[in-house]
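K.L.:
Just the structure for this:
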Amino acid sequence: MSSYVQSEMHGSVLELRIDRPASKNAITSEMYAQLAQALQDADASDEVEAIIVMGGDGIFTAGNDIQDFVAFPPVTDDAPVWRFFRALMNVRQPVIAAVDGPAIGIGTTMLLHADFVFATPRSFFAMPFTSLGITPEGAASFLLPLLVGRVRAADLLLCGSRISAEQAASWGLVNAVVDAGTLRDTAYERARALAKLPADVVQRTKRLMKEGIEQWMMRQFSSEQQSMYETVTAPAAKDAFARFLQRR
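P.N.:
Okay, the predicted model is just below:
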């Protein structure tokens, strides 16, 4: 693991932490590859009974590192970001996300695949794909309308609107909003409660909850990949990325 992705075992709980505060925890291709590998290793392990994904104090993630995204656009099926999503979708163990601060772009779409999400009052969620000239990822265009309804999903995905942690909780995207000082403890409390249960039963139940929608989800995931291939190098995206990098 690089210094930007921390992986630690605490008993039977694996903690994966995005740790790149100087760049607001923006995620590079290398970081996606490391997160994917950590999830694949966890899936293959009988020692891991729950997984916690978190960022740092006051920042979950600003989403993709745009400079890295421009240099290494995800235009092949084995691009690290797609490997990360597939690993997150397929991991057997329950995944608990602990969100403190902004969760932008993939910072929100990855949460659609978590089994539990806890956030703090200073957290907010946004998916500004259209303003960057690209389309959604990670089956968000299927899962988000399913979870919050079509008109709310349109506000988030078409307009890139930002919602607060409280609003996300009221829409069913977040389990609970807790104080920043207790966020990590809350996540571990849930992880340890799960670890006390029969692991096979927990994993079978998670699998059963997903089976009914998996075919549709994966079809949409593939459609979004194709759409990303077509938009990420198109003029609208190139112009948006250039403006973003110039402002930075």
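K.L.:
From here on, just use CA atoms for contacts and neighbour counts.
P.N.:
Will do.
K.L.:
Could I get the contacting residues of the spatially most central residue of the chain?
P.N.:
Geometric centre of the chain, nearest residue: residue 110, 1.9 Å, by C-alpha atoms, centre = their mean. Shown in contact with residue 110 (C-alpha atoms under 8 Å, 6 or more residues apart in numbering): 85, 88, 138.
K.L.:
Same check on residue 125?
P.N.:
Counted by C-alpha under 8 Å, 6+ apart, residue 125 has contacts 102, 103, 104, 107, 108, 162, 163, 164, 165, 168.
K.L.:
The fourth one - how many residues pack around it?
P.N.:
Residue 107 is flanked by 23 other residues according to other C-alpha atoms under 10 Å.
K.L.:
chain center to the helix or strand hosting it: distance?
P.N.:
Assigned by DSSP states H and E, residue 107 belongs to helix 106-109. Its chain's C-alpha centre lies 4 Å from the corresponding centre of helix 106-109 when counted by C-alpha atoms, centre = their mean, to the nearest Å.
K.L.:
Who are the packing partners of that helix?
P.N.:
strand 124-126 (3 or more C-alpha pairs under 8 Å, 6 or more residues apart in numbering; DSSP states H and E).
K.L.:
Please point out which parts of the helix or strand following the strand it packs on sit buried.
P.N.:
Moving toward the C-terminus from strand 124-126, the next helix or strand (DSSP H and E) is helix 140-148. Applying a neighbour-count criterion of 16 or more other C-alpha atoms under 10 Å, one finds 140, 141, 142, 143, 144, 145, 148 buried in helix 140-148.
K.L.:
So which residues of the chain form helices?
P.N.:
Per DSSP state H, the chain carries helices over the ranges 29-43, 66-71, 80-90, 106-109, 140-148, 150-157, 165-170, 183-195, 199-231, 235-247.
K.L.:
do you know which of the ones you listed lies nearest residue 98?
P.N.:
Minimum separation from residue 98 across those (C-alpha to C-alpha) falls at helix 183-195, 6.3 Å.
K.L.:
now that closest one and helix 199-231, what's the angle there?
P.N.:
Angle of helix 183-195 versus helix 199-231, following axes from the mean of the first three to the mean of the last three C-alpha atoms, to 10 degrees, is 130 degrees.
K.L.:
Put the alpha carbons of helix 183-195 into PDB.
P.N.:
What follows is helix 183-195, C-alpha atoms only, in PDB (Å, rounded to 0.1, in the frame of the first residue of the first chain):
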ATOM      1  CA  LEU A 183     -17.800   8.600  13.600                       C
ATOM      2  CA  ARG A 184     -15.000   6.000  13.700                       C
ATOM      3  CA  ASP A 185     -16.300   4.500  16.900                       C
ATOM      4  CA  THR A 186     -19.800   4.200  15.400                       C
ATOM      5  CA  ALA A 187     -18.400   2.400  12.300                       C
ATOM      6  CA  TYR A 188     -16.400   0.000  14.500                       C
ATOM      7  CA  GLU A 189     -19.400  -0.600  16.800                       C
ATOM      8  CA  ARG A 190     -21.400  -1.800  13.700                       C
ATOM      9  CA  ALA A 191     -18.400  -3.800  12.400                       C
ATOM     10  CA  ARG A 192     -17.900  -5.600  15.700                       C
ATOM     11  CA  ALA A 193     -21.600  -6.300  16.100                       C
ATOM     12  CA  LEU A 194     -21.500  -7.900  12.600                       C
ATOM     13  CA  ALA A 195     -18.400  -9.900  13.500                       C
END
